[in-house]
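Novice: Sequence and predicted model, in that order:
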Amino acid sequence: MNQKNRLTTGGEVDRSQKLNFTFDGKTYSGFAGDTLASALLANGVSLVGRSFKYHRPRGIMAAGVEEPNALVEIGEGAYHEPNQQATTVPLHEGLVARSQHRWPSLAFDVGVVSDKLSRLFPAGFYYKTFMWPVRGWRFYEYFIRKAAGLGACPDQPDPDTYDQRFAHFDVLVVGGGAAGLEAAVQAARNGARVCLAEQSDKPGGQLLHHPDQAIDGLAAAVWIERTLEELTALDNVTILRYTTVAGNYGHNYLTAIQHLRAAVSSRLQKHHPRQRLWKIRTKQIIFATGAHERPLMFGNNDRPGVMLADSVSTYINRYGVLPGRCILIFTNNDSAYRLAVYAARAGAEVRVTDSRDGSDGHWVDQARAAGIRIDFGKAVVNTTGRRKVTGAKVMSISSDGRTVDGTAETISCDLIAISGGWSPVIHLHAQGRGALTYDDNTGAFVAAGESGVSGEASSICVGAARGCLDFRVSLEQAARAGAAAALKAGFGKGEATRISVAEAMETGAYSPLWLVPAPKGSREGYRKYFHEFQNDSTVADIQLAMREGFDSVEHLKRYTTTGMATDQGKTSNVNALGIVALHSGQDMKEMAPTTYRPPFTPVTLGTIAGRQHGALFSPERKTPMHDWHLEHGAVFEKVGDWLRPWWYLKPGEDEQAAVVRECMAVRNDVGMMDASTLGKIDVRGPDAAEFLNRVYTNAWLKLAVGKCRYGLMLNEQGYVFDDGVTTRIGENHFHMTTTSGGAPRVMTWLEDWLQTEWTDLDVHLTSVSEQWAVISLSGPKARDLLANLVDFDISREALPFMSMKAGTMAGVPVRIFRIGFTGESSFEINVASRHGLHIWKTLAKAGDDYGLTPYGTETTHILRAERGFIIVGQDTDGTTTPMDLGMDWIVSKTKGDFLGRSAFSLPVIAEQTRKHLVGLLPKEKAKLLPQGAHVTMKRNQPFPCSTLGYVTSSYDSPILGRSIAMGLIENGRDLIGQSIFARNLDGSSIEMKVCQPVFYDKTGEKSHA
Amino acid sequence: MFQIECPYCGKRELTEYSYGGEANLSRPAPVDAEENQALTDYLFSRSNKRGIHFERWFHVFGCRKWFNVARNTITNEFVDTFLVVEKSPVDDQAKP
């Protein structure tokens, strides 16, 4: 209960506001301002998780987004969220956190056996071990899935809401550290609209834990306050806290994730949007994203209690937590000496091991002055302890860092603070295709200059993100960049004013140390030298991969899984390259990091979805008759964005009974269907007929006015793309119909050809899908019913099959097309949408005496299948030709060019074995074939075996009293009369006979009636 | 996310457009031959350029006009926008 590592003073936490939380069921307390990690460290909790592959104990290593180890589960029930970095989770009252990836408990984890067997699990072991026998994978997978993975997925829908917002700025400053603040203030003083995005709760960055750094003669904290005050007072500045810029998608479009909850009291949290996705377009970008400290590679460097030096400084100075009492600092650069001074000041026993020969930098001198023991030319080679560091083994290291010698001295300590140098956070710069170059002075990749599109550079890295570790230089750089960005965006004269001046501090040279050499005769070699903590990848893994020929860094990354964990290798990528360079003898300047991809930190899917889920996921289109359908028991089906009646339920009826009733009504009496969703395109112009001649497979030039014709459209590969009936309304005027779902696609396709290939044709297209309501009246009594309602002759002679007439019906103008999709005598009544409901109701009222029955799409599907009419997309699959469908009759052999024609001569269509659309009749009449079932030649043919094709449509036909089906079957027409077998998912077979794909009214006599 | 210059409407967001593949393909006249290199090239071969790439875009949620652009596939810089019937002065053979 008591926070044993909490300092009595110092830090940004509010000691008067105690917050209780639980970790693995145990209750602890922290203070307002803590992160979960700082609160755990305050309570002396050092073990927070088990590693991915070897289940090794792991502790908190860092203090920010670069943390690889401390992944925990947060929240319960629907609010449960796995893989959260304890270092970035703000503490709140009642927070529930659990460790992951351990069983039965964190302290005693059975999986740790894999650490003992680590020799058996080198890089690529999945690829090598589980590949034989081939069938074995099914067996292995079960156990691998159980053992692998980190946190558990939430098992309930996300109850939270998420916001999204578009924003436009002149200058976006990413990162609210010293450089970011200065850049923002300079750009803002010049009048640009500035956005400053800071990922934590408080701008200040490194200054927050380096309070000794004076700027403009002020203490760091005072300077931050002063700058923030100026920014806040300006109208042209937006400061976003808790906001991580996650992706840079080119053309200065960036996304940022803002956490909204942390600023809200926990009582209100559940009613408040959890996160907001900012979609930002900006003229200029300044990346002041800072740098991440790198770990050093030595034996068992992953033990809880090994932490990054600057992160320890953060815990001491920002959170008032001293994570260890006896601290050994191991470094190859000056920056870690700041920790030596802070830790000693906080009362810890401190000792420094430095791999360099010496340094006289400012902080080294300060450490000396504080009486801290510094050993130059030494390196930690291994650690001792089990679930917590108890000591370090230190040996002498040569100047070039290639050998260690002498006897190992064991130094007792409870914390090893390491610093292997700094890697600028260049992720966003690199995502925006900015170039990188290796900088010897810092041992890291830095931006090779400015980057941007449209000729002119529009983004720049400043400060630590540019590899500059000196506050004085950083501020100067940032100030000039801020003013320059404002100028490029059209504001000011590019002059920085009142540039903040940081107190200068001398720094000793950094000396690269990619790897502490393993002592001679070491049995363990490099197998416990972890360079990638989250995926448990070791130096030995890199060496193995290189021996096996994975020279390319991109290949090596995938083989060893380096940098592929949720932290994307923030602490490991540069080290991995260093180790590769060391072993291959390459210069770091020849190396390039693997591709940086968004997001910078993991993004919750809910944030990406925003409000666009459920009813708002996609638009819903409703026909003019929609409300009538609702009132009459319609169950709706979504077709594209359209809501279409599937069937209409009468009281006490189930779906099957409804469909049988509807089918029989159309076959015996008359039915009506809302076909308003049909795609409709108005085609006009002197070349309209010629145009149709080129886009359909059949001939169109001689179609008489008032006549309709069915057409197939093919793509250029010769495959069926859409179909529909088109009618000649006038000499230069056609009314084209398309499938309901295909309308936008067809419109775009036709426009493409007119605009880009056939610019000689004078044709105009207008989408009229929503302007016309369509009612399909179908059945033997359709004509009698309709004849009473129209003021013109629709007799068989006056309005024969495949023709159209315009006139008046119930006081409104209509076009009546003698076409249909059911195989019965059918009339498609087209009426202006605003009269659709009126005509529908008129029919419904007049239809009572005729047994008029409204029917839905399911009935349509059955009726058309009985007649063997295809549905494009169901009975075709994007590789189906008209010949495959047995529709050679619709392909003109004489008219010359049309879309898809040329492809018919390609071997794939002309010569190869093709799948034909055939009818399939199950041997047992009551047996319904599963749609999509694959078909084999023999009964119960053992798997694996080749498939002949598959079932595309399958229904119970009420009029035939049996099941029917169609399928695309290899050489199907040659198999007519033979028995073949549809296969169920369980492997069992259903016998069926191949037949012509027409089951009812084979001569089409009823259609023509 | 790209911002693309429509020759009719001006600069707009990528989400208003749809991509139409490589520009300036020439559609061969129909020939009935088994060996038809011109046809297979037209249907299946694309230059997949590293550097300046002429490509088609459609302003689908705008003026619904097709047009061509020259895009640098390395930097995603849109170097030129031109009408379907025009020829761009940009040299697409220049070394990237």
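Specialist: The structure has been received and is ready for your questions. Residues are numbered from 1 along each chain as shown, chains lettered A, B, ... in the order given.
Novice: for the residue sitting nearest the centre point of chain B, what are its contacts?
Specialist: Nearest to the geometric centre of chain B sits residue B:55, at 1.2 Å (Cα atoms, centre = their mean). Shown in contact with residue B:55 (Cβ atoms under 8 Å, 6 or more residues apart in numbering or on different chains): B:19-23, B:68-69, B:71. (Glycine included, C-beta is placed from N, CA and C.)
Novice: Report how many residues lie close to residue 42.
Specialist: Because you didn't say which chain, this covers chain A. Look at residue A:42: counted by other Cβ atoms under 10 Å in any protein chain shown, it has 27 neighbours.
Novice: Correction: the question concerned chain B.
Specialist: Counted with other Cβ under 10 Å, residues neighbouring residue B:42 total 15.
Novice: Mind listing what's buried along the helix or strand containing it?
Specialist: Per DSSP states H and E, residue B:42 falls inside helix B:37-44. Within helix B:37-44, the residues that qualify as buried are B:39, B:43, counting by 16 or more other Cβ atoms under 10 Å in any protein chain shown.
Novice: Find me whatever residue is spatially closest to residue B:66, sequence neighbours aside.
Specialist: Leaving aside its chain neighbours, residue B:66 sits nearest to residue A:755 (4.6 Å; criterion: Cβ to Cβ, 6 or more residues apart in numbering or on different chains).
Novice: Quick check, pLDDT for the one you found.
Specialist: pLDDT recorded at residue A:755 is 96.
Novice: What of residue A:74?
Specialist: pLDDT for residue A:74: 91.
Novice: Report the beta-bridge partners for it.
Specialist: Beta-bridge partners of residue A:74, counted by DSSP bridges, are residue A:81, residue A:97.
Novice: Give me the neighbour count for it.
Specialist: When counting by other Cβ under 10 Å, one arrives at 18 neighbours for residue A:74.
Novice: any idea how far it lies from chain B?
Specialist: 31 Å (Cβ to the nearest Cβ, to the nearest Å).
Novice: From residue A:83, how far off is that residue?
Specialist: Distance, residue A:74 to residue A:83, by Cβ to Cβ, to the nearest Å: 9 Å.
Novice: Under a three-state scheme, what state does residue A:828 occupy?
Specialist: State at residue A:828, reduced to three classes by DSSP: H, G, I helix; E, B strand; the rest coil: strand.
Novice: now do residue A:551
Specialist: When classified by three-state DSSP, residue A:551 comes out as coil.
Novice: residue of chain B with the smallest distance to chain A?
Specialist: For chain B and chain A, the shortest gap (Cβ to the nearest Cβ) falls at residue B:1, measuring 4.0 Å.
Novice: my guess is that residue meets residue B:17, correct?
Specialist: No - assessed by Cβ atoms under 8 Å, residue B:1 is found out of contact with residue B:17, at 10.7 Å.
Novice: So those two - more neighbours on which side?
Specialist: Using other Cβ under 10 Å as the criterion, residue B:1 and residue B:17 rank with residue B:17 on top: 19 against 16.
Novice: Mind listing what's buried along stretch A:913-920?
Specialist: Buried positions in stretch A:913-920, judged by neighbour count with 16+ other Cβ under 10 Å: A:914-920.
Novice: Same question for stretch A:491-505.
Specialist: Across stretch A:491-505, burial judged by 16+ other Cβ under 10 Å covers A:491-492, A:496, A:499-500, A:502, A:505.
Novice: Can you pull the poorly scored residue ranges out of chain B?
Specialist: Low-confidence segments of chain B (pLDDT under 70): B:32, B:34, B:96.
Novice: Which residues are in contact with residue 71?
Specialist: No chain was given, so I picked chain A. Residue A:71 is in contact with A:49, A:82-86, A:100, A:150-151, A:534, A:566, counting by Cβ under 8 Å, 6+ apart.
Novice: not quite, I wanted chain B
Specialist: Counting by Cβ under 8 Å, 6+ apart, residue B:71 makes contact with B:52-53, B:55, B:77-79.
Novice: and if you look at residue B:33?
Specialist: Residue B:33 makes contacts with residue A:905, as judged by Cβ under 8 Å, 6+ apart.
Novice: Filter the contacts of residue A:71 down to just the ones in strands.
Specialist: Judged by DSSP state E, these include A:49, A:82-85 as members of strands.
Novice: I'd assumed residue A:854 was in contact with residue A:844.
Specialist: Yes - counting by Cβ under 8 Å, residue A:844 touches residue A:854, with 7.4 Å between them.
Novice: What is the neighbour count of residue B:89?
Specialist: Number of residues near residue B:89 (other Cβ under 10 Å) recorded here: 8.
Novice: quick one: what helix or strand has it in it?
Specialist: Applying DSSP H and E, one finds residue B:89 in no helix or strand.
Novice: Pretty sure it sits against residue B:80.
Specialist: Yes - assessed by Cβ under 8 Å, residue B:89 is found in contact with residue B:80 at 7.3 Å.
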